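A.B. asks: Next comes the sequence, and after it the predicted model I'd like to discuss.
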Amino acid sequence: MAEPIISFKDYGFQYLAQASPTLYHINLDIYPGEKVLIAGASGSGKSTIGSCINGLIPYAYPGESTGKLLVGGKDPARESIFNLSQIVGTVLQDTDGQFIGLTVGEDIAFALENDCVPQKEMKKTVQEVARLVDIDHHLEYAPHELSGGQKQRVSLAGVMVEQVQALLFDEPLANLDPAAGRATIELIDRIQERTGAAVIIIEHRLEDVLWRRVDRIVLMDEGRIVADLPTKEFLTGEMLVDHGIREPLYLTALRYAGVPMTEELEPQHVDSLRLSAENKEQVRAWFRENEPSRKAEAERQEILRVENLSFGYTPEVQNLKKVNFSIREGEMVSIVWKKRCGKEYACKADLRL
């Protein structure tokens, strides 16, 4: 059996500025080629786990540790942050804080420049990696000119240019809309297929992460690992709700409908579900029972109506174009779509009417 890339043995950690430890008795092995999701509520210690893996602890965040941690067979406390970066590539939640170069191309090439890679080889590698993450048409752009999803791709390209053994993503979906989040998960999946690296994703948007295969889910709570299970087995339990994490909505719907949670359902993703004819009828019956009555809806008092509403901050650009909708008393309404679609302008228009 292969040796783990990451190995925690009864590991604990306490920040110097805190009165009590953040991590207690962590035992966790992550192997080459695995994709592991580390989840937990805010303050559970999941990001501290990530900082231990990539060497930010102890170099950026000093403190006292107990037990044993090996990254690529090495003790992070005895290695330089540069050496650790050759083993673990990291994409942070705040991509803006990770950019170095004045252009996208320079930023991707930064690690290669540090390794004194010949310029001809460097340009070829940057082009190949940029093409893989679909950012090759923006190499001359400044990073701050890009959208959130594009910035995420630049960060991914930056860690891909080196042959690391593990890729760590600390809340990669935090600033992305659902469509961009799904694209990011697909991209991470393709990168793992190409590199064979272990992938560790720290995230609480489970339904988005589970858009692609995840081997294991590690659940953190109050600095301890409370579960470390294969995805299928993990999702059939109720540990997410018990520890303050919203489970995927399709699982909640199945529970409301009274469908028993078993591994045979293949609950890893909504598209993988294998519902029997009886299960499907349970869901239909629950939906019919809870579907709002159209007649009752029509009898509610209309409190807001928008008809052919158009608006633009300048004469040249219209942010809203012929918007029509109404809201009735007691309704709960969400205005959703992709970024820069005009949903925030619709809300401002509501306030003025």
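C.D. replies: Nice, thanks for sending it over.

A.B. asks: quick one, domains of the protein?
C.D. replies: Listed domain ranges for the chain are 6-241, 250-290, 300-352 (source: automatic domain parsing).

A.B. asks: Pull the contacting residues for the nearest residue to Ala60 once chain neighbours are set aside.
C.D. replies: Nearest non-adjacent residue to Ala60, counting by CB to CB, 6 or more residues apart in numbering: Ser51, 7.5 Å away. Where C-beta positions appear, they are placed from N, C-alpha and C, glycine not excepted. Contact analysis of Ser51 by CB atoms under 8 Å, 6 or more residues apart in numbering lists 57, 60-61.

A.B. asks: Which strand or helix spans Ser51?
C.D. replies: Under the criterion of DSSP states H and E, Ser51 resides in helix 46-54.

A.B. asks: pLDDT averaged over that helix - what is it?
C.D. replies: Here helix 46-54 scores 94 as its mean pLDDT.

A.B. asks: Could you check stretch 111-127 and say which residues are buried?
C.D. replies: Across stretch 111-127, burial judged by 16 or more other CB atoms under 10 Å covers 111-112, 117, 122, 125-126.

A.B. asks: how long is it end to end?
C.D. replies: For stretch 111-127, the first and last residues are 14 Å from each other (CA to CA, to the nearest Å).

A.B. asks: where do the helices sit along the stretch 251-353 of the chain?
C.D. replies: Here the stretch 251-353 of the chain has its helices, by DSSP state H, counting those that start in this stretch, at 277-290, 294-299, 343-352.

A.B. asks: again, but for the stretch 1-150 of the chain
C.D. replies: Using DSSP H, counting those that start in this stretch, helices in the stretch 1-150 of the chain cover 46-54, 56-59, 81-85, 104-114, 119-132, 148-160.

A.B. asks: quick one on the thing from earlier: list just the nearest of the buried residues of stretch 111-127 to Gln14.
C.D. replies: Of all the buried residues of stretch 111-127, Gln14 sits closest to Ala111, with 32.0 Å by CB to CB.

A.B. asks: Quick check: the closest one touching Val164?
C.D. replies: No: Ala111 is not in contact with Val164 according to CB atoms under 8 Å; the separation is 9.7 Å.

A.B. asks: OK, contacts around Ile201?
C.D. replies: Taking CB under 8 Å, 6+ apart as the test, what Ile201 contacts is 35-38, 169, 172, 188, 209, 214.

A.B. asks: intersection of neighbour lists for Ala111 and Val164?
C.D. replies: Contacts common to Ala111 and Val164, judged by CB under 8 Å, 6+ apart, are Ser85.

A.B. asks: Low-confidence regions, the stretch 51-200 of the chain specifically.
C.D. replies: 94 (pLDDT under 70).

A.B. asks: Just confirm Arg205 contacts Leu173, I think it does.
C.D. replies: Yes: if you go by CB under 8 Å, Arg205 and Leu173 touch, sitting 4.9 Å apart.
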